[in-house]
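# sequence first, then the predicted structure, then my questions.
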Amino acid sequence: MPLSTRFHPTFLYESLWNAIGVVLLLWVSRRYADRLRRGDIFLLYLIWYPLGRFLVEFQRPDAWKILGLPTAQWIAIVSIGVAAFLLWRRHQRPPAEGEVLLDVMVKRLPRAQRRALERKKRES
C-alpha cells in the first residue's frame, strides 16, 4: 500500500470495546446476581467480545476472507451463536441448589433484595 494510505485504529476500537464490556459485565453481574448462574458472565463475554470483533473486522483491509467475509467474522458468528445457545439452554431448566452466580455477589445486593432471595430459598 502507498505511504499515504490511512488506516483505522482498530486496536483502539477493540480496546474501547473491551473497556465498555468490563463495565457492562460488572454491572450485569451485580444487577442480575439473583438470576445468573455460575459461568453466565463468561458466556456473556463470549457474546460481547466476538460482537465487537465482528464490527471491527469491517475496518481491516487485509483480512483473510471466506465467502466474502473475513475469517475472524465467521469465527465471531459461530462463537456468538454457540454462547447464546448455551446461555439459553442453561436457563431452560430450574437452577440446582446453590447455583446462584456467587454468594459474595448476593451479599452485595441491597438488604430488601437479599431478604427476598432468602425467602424464596426457604419456600422452595
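Looks like it arrived, so ask away.
# residues in contact with stretch 83-97?
Residues from elsewhere that reach stretch 83-97, judged by Cβ atoms under 8 Å, 6 or more residues apart in numbering: 37, 39-40, 43-44, 46-47, 50. C-beta here means a position set from N, CA and C on the backbone, and glycine is covered the same way.
# in those, which residue is surrounded by the most others?
Tallying neighbours with other Cβ atoms under 10 Å puts residue 50 at the head of the contacts of stretch 83-97, with 21 neighbours.
# list phi and psi for residue 66.
For residue 66, the backbone dihedrals (degrees, to the nearest 10) come out as phi -130, psi 120.
# I misspoke; the intended subject was residue 70.
Dihedral angles of residue 70 (phi, psi; degrees, to the nearest 10) stand at phi -60, psi 150.
# the one 3 residues further on now?
Torsion angles at residue 73 (phi, psi; degrees, to the nearest 10) stand at phi -70, psi -40.
# quick one: contacts for it?
Residues near residue 73 by Cβ under 8 Å, 6+ apart: 53-54, 57.
# mind listing the strands for the protein?
Taking DSSP state E to define them, one finds strands in the chain at 65-66, 69-70.
# what's the closest of the ones you listed to residue 17?
The minimum distance between residue 17 and the strands of the chain falls on strand 69-70, with 16.4 Å, by Cβ to Cβ.
# quick one: contacts of the closest one?
Taking Cβ under 8 Å, 6+ apart as the criterion, the residues outside strand 69-70 that touch it are 57, 60, 63-64.
# helices of this structure, start to end?
Listed in chain order, the helices found in the chain under DSSP state H are 10-31, 40-56, 71-90, 103-107, 111-123.
# TSV for these, including distance to residue 3?
Putting those into TSV (distance: least, Cβ to Cβ, whole Å) gives the following:
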stretch	distance to residue 3
helix 10-31	19
helix 40-56	24
helix 71-90	26
helix 103-107	52
helix 111-123	59
